[in-house]
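Asks: I'd like to go over a predicted model; first the sequence, then the structure.
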Amino acid sequence: MRILIYSYNYYPEPIGIAPLMTELAEGLVKRGHQVRVVTAMPNYPERRIYDGYKKKLYMTEYKNGVQIQRSYVWIRPQPNLLDRILLDASFVITSFLPALRGWRPDVILATSPSLPVCLPTALLGWLQNCPVVLNLQDILPEAAIHVGLIKNQLLVKAFTALEKFAYHTATKISVIADGFVENLIDKDVKANKIVQIPNWVDVNFIRPLPKENNSFRSEHQLNDKFLVLYSGNIALTQGLETVVKAASTLQHIPDIKFVIVGEAKGLQRLQQECQKCGADNVLLLPFQPREQLPEMLAAADLGLVVQKKNVISFNMPSKIQVLLASGKALIASVPDNGTAARAIRQSGGGVVVPPEDPDALARAILDLYQHPPKVKTLGYNSRQFAVEQYSFEQALNYYESLFYTMIADSPAIESTVVSKQEVKIS
């Protein structure tokens, strides 16, 4: 197959959708398919164009057999709403030309966010007569409205119309959790248009490793500490202040140490919170190189998943699969009725506590600190569940099968088959 992946985020960005789409593209190439990726100049999570990509309108690269077509985007380190709109608009406009100039795909996979990507992919699918899969990692604008990012009623109406257009023009919609399915059906999207394929993790790369002689622990003087780790995005939806406040209530236990890994801007904000709370048992670190991720995860005793109360129920952080695969016990400070809480309970690998409740989080951490066998059992369950439910090869099989089915069902293929049969008969 010739597969076009239309994704705002891609390698070398270290977190979020980028590693997932990179693994998917390279996995499909290993199975003999041709893959090209239309993406932006890398900028996430710092929201600054990376060195080597600055002041360029277009750039084409090749990595592990994947053709990567990059285009300029409007980006600002501290974006307001207008900047975010200009960011999406710039990607829609600049990315379409390279997408159109490349070889004709058999199928297009478009990731959302960004939602406006549905505009160029719908047009491309129509012009080149090929099916389009819309991969929903989040449901916009609903999530943005829910956390107060979009308040202007004209914008709400515009983005709601864009959402309907995206669902209408996609041939299939792939979602990452059952909460998404319920949401879309409530919006009158036909059930047979929706395919549930969970996000994955490379269980051979992310795997349990010994804590003894761990380079991450040694480098940061964390040997013999009970290490509580959060690594990921530090944004509106997380509320990492809850972690800092929980840490401050556990300062009387010198064995417990908190490590938060994230982007510089978020760390600066948390540093102020640490000083305010007097939480000197929190170590703030920048993102580590991806190749060091397994070692960093292995250093932890507990992994944290944190969300605010107002995070919409279907939100499913990709860090859950990563922490499960590393064989760690999880504590999730998340809404009780959400997809994240449901996934962690199903795994048997973690504990769920109310969001934005530092005392509840501190109590859960203290309980696991005092009961090492429980930590070990949760970690074992985590790994087993990740291998059974979230392995990369399983997800790759699902996507490959979906693409083959869609190509076989597309009008372009059917007309080709008919014409070949007519030639045979004549």
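Replies: Yep, that arrived.

Asks: can you tell me the element Leu283 falls in?
Replies: Leu283 is part of strand 282-286 when elements are defined by DSSP states H and E.

Asks: cool, and Leu100?
Replies: Leu100 belongs to helix 81-101 when elements are defined using DSSP H and E.

Asks: for the helix or strand just after that helix, packing partners?
Replies: Following helix 81-101 in sequence order, the next helix or strand is strand 107-112 (DSSP H and E). Taking 3 or more Cβ pairs under 8 Å, 6 or more residues apart in numbering; DSSP states H and E as the contact definition, the neighbouring helices and strands of strand 107-112 are strand 2-6, helix 17-30, helix 118-127, strand 132-136, helix 392-409. Heads up, the C-betas are built off the backbone N, CA and C, glycines and all.

Asks: list the helices and strands the first one packs on?
Replies: Strand 2-6 makes packing contacts with helix 17-30, strand 34-40, helix 81-101, strand 107-112, helix 118-127 when contacts are defined by 3+ Cβ pairs under 8 Å, 6+ apart.

Asks: what does the fourth one give?
Replies: Helices and strands touching strand 132-136, by 3+ Cβ pairs under 8 Å, 6+ apart, are strand 107-112, helix 118-127, helix 153-169, strand 172-175, helix 392-409.

Asks: quick check: next helix or strand after the fourth one?
Replies: Same thing as strand 172-175. Scanning forward in sequence from strand 172-175, with DSSP H and E defining helices and strands, the next element found is helix 178-186.

Asks: so can I have a markdown table of the helices and strands packed on strand 107-112 showing mean neighbour count and mean pLDDT?
Replies: Supplementary listing: those in a markdown table, determined by neighbours: other Cβ atoms under 10 Å; pLDDT from 0 to 100:
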| stretch | mean neighbour count | mean pLDDT |
| --- | --- | --- |
| strand 2-6 | 24 | 98 |
| helix 17-30 | 21 | 96 |
| helix 118-127 | 19 | 96 |
| strand 132-136 | 25 | 96 |
| helix 392-409 | 16 | 95 |
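
Asks: so which of the ones you listed gets nearest Gln78?
Replies: Of all the helices and strands packed on strand 107-112, helix 17-30 sits nearest to Gln78, with 20.8 Å by Cβ to Cβ.

Asks: CA atoms of that closest one as PDB?
Replies: Coordinates of each C-alpha in helix 17-30 appear next as PDB, following Å, rounded to 0.1, in the frame of the first residue of the first chain:
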ATOM      1  CA  ILE A  17       1.300  12.100  19.100                       C
ATOM      2  CA  ALA A  18       4.700  12.400  17.600                       C
ATOM      3  CA  PRO A  19       6.300   9.200  18.900                       C
ATOM      4  CA  LEU A  20       3.100   7.200  18.100                       C
ATOM      5  CA  MET A  21       2.900   8.400  14.500                       C
ATOM      6  CA  THR A  22       6.600   7.900  14.100                       C
ATOM      7  CA  GLU A  23       6.400   4.300  15.300                       C
ATOM      8  CA  LEU A  24       3.300   3.600  13.100                       C
ATOM      9  CA  ALA A  25       4.900   5.000  10.000                       C
ATOM     10  CA  GLU A  26       8.200   3.100  10.500                       C
ATOM     11  CA  GLY A  27       6.300  -0.100  11.400                       C
ATOM     12  CA  LEU A  28       4.300   0.100   8.200                       C
ATOM     13  CA  VAL A  29       7.500   0.600   6.200                       C
ATOM     14  CA  LYS A  30       9.000  -2.500   7.800                       C
END
